[in-house]
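A.B. asks: Quick check, what structure comes out for this input:
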Amino acid sequence: MFKPLLFLVIILFTSGVVSAADAKKVVDSGVSQPYVGARALGMGNAFTAVADDHNAIFYNPAGLARKTKSDLRLFFTGSVDPDLLDFVDEADKTISASVTDSEKITNMSNLLQSNFGEFFHARVLGPSVFWTKKNWGVAFIPVNMEFNTKFQNFVAGPGAGIDTNIDSTLALSYAKDVDWLGDNHWLSWGVTGKLVNRIGVNKAFSAADAVVSDEFFDIDKDGREGMTLDFDVGFLWTPKISQSSFLQYAEPTFSVSVKNILDYGYPIKLGLVSENKDDDPVKLGRRLDFGSAWRLPGFWVFDTVAAVDIRDIGQDNWTFNKSYHAGVEFHWTMKQWWQGHWSVGVNQGYLSAGFGGRIGWFQMDLAFWGEEVGTKSARKEDRRFLAELSMNF
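C.D. replies: Numbers count the residues shown, from 1 in each chain. As a prediction, the model looks like this:
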């Protein structure tokens with residue numbers, strides 16, 4: 001078990017060169033999310049108008065204006081495409097086999113060819129801290145590493161393109177209720193300022209690279225590193241509903257959020273890891289999100305909310321199929337210290353499901369969903385699993 005995990009770590013942090021081809025353009029056909037939350041993903045990632053927990057800092061900061069208590073959350077998150085683990089195991093067996101390098105390269109080529117067209121994903125969000133209270137939020141994520149790879153054929157033979165971003169983020173949020181539409185409407189706005197240091201690697205590797213190279217590359221030279229400051233702005237609007245309308249029971253809330261407003265690149269080059277000060281990593285990507293949330297009738301110990309989002313408008317790989325999200329969450333409370341949720345949804349047309357449970361200070365959130373990673377003309381699903389372990393104070 002140790003060797004496959006070690007090989008996965010090596011792939012996550014490294015990649016090799018097949019040719020001058022830009023693997024990023026081939027690999028990154030999905031809509032990359034700089035930050036994702038387990039609870040949101042369980043309900044189809046339709047969270048822009050819900051935004052009532054720590055995730056509001058990055059989904060819609062306006063939600064902080066509606067918080068009623070302070071929370072300090074320490075957590076670790078990991079997500080993976082389960083098929084990636086199977087591939088890593090097979091690759092490790094191929095590299096470790098007691099045969100010649102030539103035979104290893106042939107076997108690795110066959111393995112890469114058998115996975116032609118497949119897309120694998122993994123993400124590690126290192127030990128992080130979020131503090132939120134009414135109107136305010138602070139987040140520090142020291143390591144947010146996203147890894148995507150797609151198996152394809154190059155001039156040199158079967159290989160894989162790799163797209164990896166490693167972000168370190170410090171964020172400060174502020175939100176407030178305003179009376180711009182009159183006292184009878186509940187309107188909130190919020191802003192998140194983000195300082196992000198990103199290390200990006202966009203490469204490709206061949207069977208020979210995987211077998212004979214002592215190291216795929218020198219991250220000091222091949223990584224593209226830069227720091228940027230950017231902002232998200234969001235709004236939540238709960239309109240006044242007539243007492244005679246059935247919508248008064250649904251308490252609809254509508255939202256709009258603009259992420260990475262500036263999106264001007266990486267002017268700050270600290271060189272904390274990479275020596276490359278000429279090339280920028282991939283931009284965060286400006287995007288526009290719309291959403292709505294609807295309260296459904298509660299039953300037994302459950303409070304129920306449904307949500308629908310159209311997200312990531314303006315992102316380079318945006319299509320309508322990649323933008324729509326919908327879900328339902330059933331939140332249950334046994335005691336103040338014993339509560340959780342079940343959720344189900346549709347993420348970009350694919351089924352999602354989630355569970356969260358809290359006992360005392362400890363909380364675990366799980367999500368299983370499908371991500372659209374195909375091109376604009378051909379759909380392709382990538383199934384993923386995410387676990388988030390946290391301490392809440």
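
A.B. asks: okay, CA-based contacts and neighbour counts for the rest of this
C.D. replies: Noted.

A.B. asks: just the strands in the stretch 1-150 of the chain please.
C.D. replies: With DSSP state E, counting those that start in this stretch, the ranges of strands along the stretch 1-150 of the chain come out as 71-80, 119-133, 136-154.

A.B. asks: again with the stretch 151-300 of the chain
C.D. replies: Using DSSP E, counting those that start in this stretch, strands in the stretch 151-300 of the chain cover 157-178, 186-206, 224-238, 253-259, 287-299.

A.B. asks: Tell me which of these approaches residue 328 most closely.
C.D. replies: strand 287-299 (9.3 Å; Cα to Cα).

A.B. asks: Reformat the strands of the stretch 151-300 of the chain as a markdown table; add mean pLDDT, mean neighbour count and distance to residue 139.
C.D. replies: Output for those, formatted as a markdown table (pLDDT from 0 to 100; neighbours: other Cα atoms under 10 Å; distance: least, Cα to Cα, whole Å):
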| stretch | mean pLDDT | mean neighbour count | distance to residue 139 |
| --- | --- | --- | --- |
| strand 157-178 | 91 | 23 | 5 |
| strand 186-206 | 91 | 24 | 9 |
| strand 224-238 | 96 | 23 | 14 |
| strand 253-259 | 97 | 23 | 16 |
| strand 287-299 | 91 | 19 | 21 |
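
A.B. asks: between those, which gets nearest to residue 31?
C.D. replies: Among the strands of the stretch 151-300 of the chain, the nearest to residue 31 by Cα to Cα is strand 287-299 (10.5 Å).

A.B. asks: Check which element follows that closest one along the chain.
C.D. replies: Where DSSP states H and E defines the elements, the next helix or strand beyond strand 287-299 is strand 302-313.

A.B. asks: pLDDT below threshold where in the stretch 51-200 of the chain?
C.D. replies: For the stretch 51-200 of the chain, the stretches flagged by pLDDT under 70 are 155-156.

A.B. asks: hmm, back to that, need the strands of the stretch 1-150 of the chain in a markdown table with mean neighbour count and distance to residue 237, can you?
C.D. replies: Formatted as a markdown table, the strands of the stretch 1-150 of the chain follow (neighbours: other Cα atoms under 10 Å; distance: least, Cα to Cα, whole Å):
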| stretch | mean neighbour count | distance to residue 237 |
| --- | --- | --- |
| strand 71-80 | 18 | 24 |
| strand 119-133 | 20 | 20 |
| strand 136-154 | 21 | 19 |
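
A.B. asks: Distance to residue 204 for the ones you listed - can I get that in a markdown table?
C.D. replies: Output for the strands of the stretch 1-150 of the chain, formatted as a markdown table (distance: least, Cα to Cα, whole Å):
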| stretch | distance to residue 204 |
| --- | --- |
| strand 71-80 | 20 |
| strand 119-133 | 14 |
| strand 136-154 | 9 |
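
A.B. asks: List just the one of those that sits closest to residue 338.
C.D. replies: Nearest to residue 338, of these and by Cα to Cα, is strand 71-80 at 15.9 Å.

A.B. asks: Against which helices or strands is the closest one packed?
C.D. replies: If you count contacts as 3 or more Cα pairs under 8 Å, 6 or more residues apart in numbering; DSSP states H and E, strand 71-80 packs onto strand 119-133, strand 381-392.

A.B. asks: Give me the angle between that strand and strand 119-133.
C.D. replies: 180 degrees (axes from the mean of the first three to the mean of the last three Cα atoms, to 10 degrees).

A.B. asks: Neighbouring strands of strand 71-80 in the sheet, and parallel or not?
C.D. replies: Strand 71-80 has these partner strands in its sheet, going by DSSP bridges: strand 119-133 (antiparallel), strand 381-392 (antiparallel).

A.B. asks: Put the alpha carbons of that strand into PDB.
C.D. replies: Once non-C-alpha atoms are left out, strand 71-80 reads as follows in PDB (Å, rounded to 0.1, in the frame of the first residue of the first chain):
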ATOM      1  CA  ASP A  71     -17.300  29.700  14.500                       C
ATOM      2  CA  LEU A  72     -13.600  28.600  14.400                       C
ATOM      3  CA  ARG A  73     -13.000  25.700  12.100                       C
ATOM      4  CA  LEU A  74      -9.800  23.700  11.700                       C
ATOM      5  CA  PHE A  75     -10.000  21.200   8.900                       C
ATOM      6  CA  PHE A  76      -8.200  18.900   6.300                       C
ATOM      7  CA  THR A  77      -9.800  18.000   3.000                       C
ATOM      8  CA  GLY A  78      -8.800  15.300   0.400                       C
ATOM      9  CA  SER A  79     -10.600  14.300  -2.800                       C
ATOM     10  CA  VAL A  80      -9.700  11.800  -5.400                       C
END
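
A.B. asks: Isn't residue 112 up against residue 157?
C.D. replies: No: assessed by Cα atoms under 8 Å, residue 112 is found out of contact with residue 157, at 9.4 Å.

A.B. asks: Report the mean confidence score over stretch 375-392.
C.D. replies: Summarised as a single mean, pLDDT over stretch 375-392 is 92.

A.B. asks: List the residues that contact residue 340.
C.D. replies: Residues in contact with residue 340, defined by Cα atoms under 8 Å, 6 or more residues apart in numbering, are 331-333, 355-358.

A.B. asks: What residues are bridge-paired with residue 230?
C.D. replies: Note on residue 230: beta-bridge partners by DSSP bridges are residue 194.

A.B. asks: My guess is it contacts residue 191. True?
C.D. replies: No: look at residue 230 against residue 191 with Cα under 8 Å: they stay out of range, at 10.4 Å.

A.B. asks: who's in contact with residue 392?
C.D. replies: Contacts for residue 392 were tallied using Cα under 8 Å, 6+ apart; they are 71-74, 361-363.
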